[in-house]
Each structure stands twice: as C-alpha cells, then as structure tokens.
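In: no sequence for this one, just the structure:
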C-alpha cells in the first residue's frame, strides 16, 4: 500500500506539473490540429466515402514520433538540470517508484490528448456506420504505441541534462523502432544476414503490432509486445538513474 501511495504521489505531482505550464495546452492544440489536418486534408477523408478511421489511425505513429519526444524530454533532463532530482529522491520513496509515477503521468497525458480526438469518431458516426469494434481496437493500439514511445522518451531524458539532446535521441530511437520492420530495412539485412536475424530485427518494429490492431484484430501477443517494451524501457531508466546517482 505504501508503494502504491508513493507512486500515486509522484504521478499526481508530475501530471499537475504538465497542466501548470502553458506548454501542455500548446501540445494538446498542436496534437489535435495535426491529427485533424492529416486525417481530413492530407488523406482526403471525405473523398474516400468510407465510414472508417483508417486514415485517422494511419498517421498516429508519425504524430507520436514528433510530439512524444517533446512531451517527455523534460521528465528527467529538467530534474537533473535544476538539481531537483536530489530533492525528489530525498523523499520517502524509492527510485523505481519515482520512475513509474513519472511514466504513468506522461502516458496519461498522452491518453488525454488521444481521448480529445473523439470528434473524429463522432464525425465518422454521423457520416456512416463504422465498426465500433475496429475503432476501439485502433484506439487501444494507439494508446499502447503512445506508451511505448513515452517509455523511450523517458529513458533518453534520463541520459542527459539537455532537453534538446533528449528530444533528438528519443526521435531517433522511436524512428528506428517504427521502421525496423519495413522492407527496405529488412532487405538490407537479407543481403548478408541469416533469416533468424532478419526476423529478429523485424520483430522489434512497433508498426506490425499497431497495424493489426488498426484493422480490428486485438491479439494478446501485440499487447504483450508493447507491455514488454514499456517494462524494459522503464527498467532501463531506473538503471540509468541509479548508476548516475551512485557515481
């Protein structure tokens, strides 16, 4: 119970810090404007004459690629720059509890941004009869991908005091995870690497797991994959911070 209270305390502190700054509101506006523009203008949502959200979910990985690093770059980098991390760790909480609390707060912030896209669903329902099961699976997949990107951003934020460096590192790592399964990437390995290595590289990609959910297939293996990515990144963040604290 004490551990849960400690995680909740850090979670509330971090989530409150998002909304105490105008940056959070700017982020939400940019997120909604960007997803709306890409959905309705770039992919010609109305011209398709199909009542589904495939164009909407198609852009989510790329929107996350740009905006999640921006939302997470200060999670630990700013704490280290201001030396407030020492104050945080003097509280009666463990490092792992602080890391988990910050991760959950950042993930919920992204979930709020995702939830505010509900007008797109309402528009689709007004124009036709979309399969709400497919829509729900798409949202679950998008939320899981957002969590994976948040965990990557938190790890890179723990490695540096510079928010700019954290942003760049998170963008690069997330990009690598997105394109790992693409044919040009796997084709490069196919020329010289054995099949098990090619399949291993492709298995690290975030995209195939999201695309299956986007089609309405809610497979437990996809959920487990995203959960494993988040657990690994959160654990790596804990190790990175602990090593710097001990140094």
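Out: Sure thing, it's come through. Given the structure is predicted, the values throughout are model-derived calculations rather than measurements.
In: Can you give me the pLDDT of residue 9?
Out: Per-residue confidence at residue 9 stands at 87 (pLDDT).
In: At the geometric centre of the protein, which residue sits there?
Out: Centroid-nearest residue in the chain, with Cα atoms, centre = their mean: residue 146, separated by 2.4 Å.
In: Excluding residues flanking it in the chain, which one is nearest it?
Out: Closest residue to residue 146 apart from its sequence neighbours, by Cβ to Cβ, 6 or more residues apart in numbering: residue 110 at 4.3 Å. Backbone N, C-alpha and C define where each C-beta goes, glycine included.
In: Spit out the contact partners of that neighbour.
Out: The neighbourhood of residue 110, defined by Cβ atoms under 8 Å, 6 or more residues apart in numbering, consists of 64, 68, 71, 143, 146-147, 150.
In: right, and residue 52 touches residue 124 too?
Out: Yes. Between residue 52 and residue 124 there is a contact at 7.1 Å, judged by Cβ atoms under 8 Å.
In: pLDDT-wise, which helix or strand of this protein ranks last?
Out: Lowest on mean pLDDT, DSSP states H and E among the helices and strands of the chain sits helix 183-190, with a mean of 64.
In: so how many other residues sit close to residue 153?
Out: Residue 153 has 31 neighbours, counted by other Cβ atoms under 10 Å.
In: what helix or strand is it on?
Out: Per DSSP states H and E, residue 153 falls inside helix 132-158.
In: buried stuff in that helix?
Out: Across helix 132-158, burial judged by 16 or more other Cβ atoms under 10 Å covers 134-135, 137-158.
In: what packs against it?
Out: Where contact means 3 or more Cβ pairs under 8 Å, 6 or more residues apart in numbering; DSSP states H and E, helix 132-158 is packed against helix 54-58, helix 60-72, helix 95-115, helix 163-179, helix 207-214, helix 220-246.
In: what about 7 Å?
Out: Under the contact criterion of 3 or more Cβ pairs under 7 Å, 6 or more residues apart in numbering; DSSP states H and E, helix 132-158 touches helix 60-72, helix 95-115, helix 163-179, helix 207-214, helix 220-246.
In: now the angle between helix 60-72 and it, please.
Out: Orientation check (axes from the mean of the first three to the mean of the last three Cα atoms, to 10 degrees): helix 132-158 against helix 60-72 gives 40 degrees.
In: quick check: mean pLDDT across helix 132-158?
Out: 94.
In: relative orientation of it and helix 207-214 in degrees?
Out: Angle, helix 132-158 to helix 207-214, by the same axes, to 10 degrees: 150 degrees.
In: Next one, pLDDT for residue 86 please.
Out: pLDDT for residue 86: 66.
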